[in-house]
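Participant: Show me the folded form of this:
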Amino acid sequence: MGKAKKEHYVPQCYLRNFMIPGTDEKINVFDKSLEQVRLKQNILDNASERYFYDIDIDKILAEAPEDKRISMLEQLGENYEIYKNDKEQHLENFFSKVIEGDYSRVLKSIITKAEGASPWYIKNCYCMSEEEQVIMAVCITMQFWRTKKQRIMLEEGITKFHTMMLCKLFNIEYGDELGRLSQEDFEITIDKEAMKLQHAKFILDIENILEFSAVFLRHIWVIYINRTNEPFWTSDAPVALNPMPNGWRSGKGIASRGIEIVLPLSDKVALGMYDAEVYAPMLSMVSTKSNRMYIELKDKEQIQRFNQLQVVESYRCIYSSCEDFSMAQRMCQKHPDLKRAQEYFSVG
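Facilitator: Take a look at the predicted model:
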């Protein structure tokens, strides 16, 4: 079997839940950077990039200074042979075979139960089992970290941190003699292959995966059932974070006080995860379940709020089973910054 050229950072098994009805794996796309609608696009061609995860480890080592090369080989240890001989696309296959099998199975179970739920079931039953919740927490963590957006954020964080440190060290050592410099006077870049390696190491950090999964599990989980004729949208960064409004002591991390995390599961079902400390009193008024509850949405404005969050949090593209992206177009016209590459970190 040949190598897969297109490697997905949002799995096809997930995107199929937003497929245009009656088509053979087609989806509608809104590209916010171009303000362009592309109809009936192949799912295979979206949320993907040629050899997105493939790492040319020998290229990285060849371009590194000798002392760094020796240090890198020591750090890699036995993993060097894995990367060097990775003819079977280790990371891509890890996602497609190990992660996405469970993800696809649990997604189907949750969506099927939600779409067929009777009023009695919604009131009296959990939206998923504890086992399904644990599997979903791990899969959501992997989805959160594997996207193009997260790679860009990781690259920005690394370069800004090193720029800040270089600037401070220069000013301490030479500032009085040569004049003090600002961070704008320095430019640090990371080779594309080296950035792939950094991203891969972060994704495959088991302690990191377990830590993030545990945070997701501490939240209150809600499955929303869309009872309107307006579909949920998703995007190329579907795990969307929504902090509390201004005035609250909150941040935009998955463990921040008052955080709302939304992952659309299909055009009719979405998962919301909520900081228990802030949201428990409100959610207890709409369900007898303290966690893993169902909530029906019958107002289009509620659907639109979730869709707006996908537009804001996406890296570039929004996906839908519907052709109407007029709301996203209006958002981009009103807020042109949505169309440009975002800055995610401010380092002082």
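Participant: which stretches of the stretch 151-300 of the chain aren't confidently modelled?
Facilitator: 245-251 (pLDDT under 70).
Participant: same thing but at 90, please
Facilitator: 153-206, 208, 243-252, 284-289 (pLDDT under 90).
Participant: Tell me where it has strands.
Facilitator: In the stretch 151-300 of the chain, the strands defined using DSSP state E, counting those that start in this stretch lie at 220-226, 234-235, 240-242, 260-264, 269-274, 293-297.
Participant: Give me the sheet partners of the third one and which way each runs.
Facilitator: According to DSSP bridges, the neighbouring strands of strand 240-242, each with its direction, are strand 260-264 (antiparallel).
Participant: okay, now Arg180: neighbour count?
Facilitator: 12 (other Cβ atoms under 10 Å). The way it works is simple: take the backbone N, C-alpha and C, and place the C-beta from them, glycine included.
Participant: hmm, back to that, among the strands of the stretch 151-300 of the chain, pick out the one with the most neighbours on average.
Facilitator: strand 234-235 (a mean of 30; mean count of other Cβ atoms under 10 Å).
Participant: From the chain's centroid, how far away is it?
Facilitator: 10 Å (Cα atoms, centre = their mean, to the nearest Å).
Participant: what does it rub up against?
Facilitator: For strand 234-235, contacts defined as Cβ atoms under 8 Å, 6 or more residues apart in numbering pick out 10, 14-15, 18, 264, 310-311, 313-315, 317-320.
Participant: Sort out for me which of those residues are in helices.
Facilitator: In helices, judged by DSSP state H, the following of these are found: Tyr14, Leu15, Gln310, Val311, Glu313.
Participant: didn't the first one look like it was pressed against Pro238?
Facilitator: In this case it means Tyr14. Yes. Counting by Cβ atoms under 8 Å, Tyr14 touches Pro238, with 7.4 Å between them.
Participant: Mind jotting down where the helices sit in the stretch 1-150 of the chain?
Facilitator: Along the stretch 1-150 of the chain, the stretches classed as helices by DSSP state H, counting those that start in this stretch are 12-15, 57-63, 66-76, 79-84, 90-93, 100-115, 119-124, 130-146, 148-178.
Participant: and Gln36, which of those helices is closest to it?
Facilitator: helix 148-178 (17.8 Å; Cβ to Cβ).
Participant: can you give me the angle that closest one makes with helix 130-146?
Facilitator: Put simply, helix 148-178 runs at 40 degrees to helix 130-146, going by axes from the mean of the first three to the mean of the last three Cα atoms, to 10 degrees.
Participant: Now do helix 148-178: which elements does it pack against?
Facilitator: Here helix 148-178 touches helix 192-203, going by 3 or more Cβ pairs under 8 Å, 6 or more residues apart in numbering; DSSP states H and E.
Participant: how does it look with 10 Å?
Facilitator: strand 48-50, helix 130-146, helix 192-203 (3 or more Cβ pairs under 10 Å, 6 or more residues apart in numbering; DSSP states H and E).
Participant: Find the one among those with the highest mean neighbour count.
Facilitator: Highest mean neighbour count among these (mean count of other Cβ under 10 Å): helix 130-146, a mean of 20.
Participant: circling back to that earlier point, most neighbours, which of the contacts of strand 234-235?
Facilitator: Of the contacts of strand 234-235, with other Cβ under 10 Å as the count, Pro264 tops at 30 neighbours.
Participant: does it really touch Glu313, like I thought?
Facilitator: No. Using Cβ atoms under 10 Å, Pro264 is not in contact with Glu313, being 11.4 Å away.
Participant: Quick check: neighbours shared by these two?
Facilitator: Ser235, Pro238, Val239, Ala240 (Cβ atoms under 10 Å, 6 or more residues apart in numbering).
Participant: Between those residues, which sits nearest Ser326?
Facilitator: Distances from Ser326 to the shared contacts of Pro264 and Glu313, taken by Cβ to Cβ, are shortest for Ser235, at 16.7 Å.
Participant: Identify the residue spatially nearest to the closest one, adjacent ones excluded.
Facilitator: Ser314 (3.5 Å; Cβ to Cβ, 6 or more residues apart in numbering).
Participant: Enumerate every residue touching the spatially most central residue of the chain.
Facilitator: Note on the chain: the residue nearest the mean C-alpha position is Phe144, at 3.4 Å, using Cα atoms, centre = their mean. Contact partners of Phe144, counting by Cβ under 10 Å, 6+ apart, are Gln150, Ile203, Phe212, Phe216, Ala237, Pro238, Val239, Ala240, Leu241, Ile254, Ile261, Leu263.
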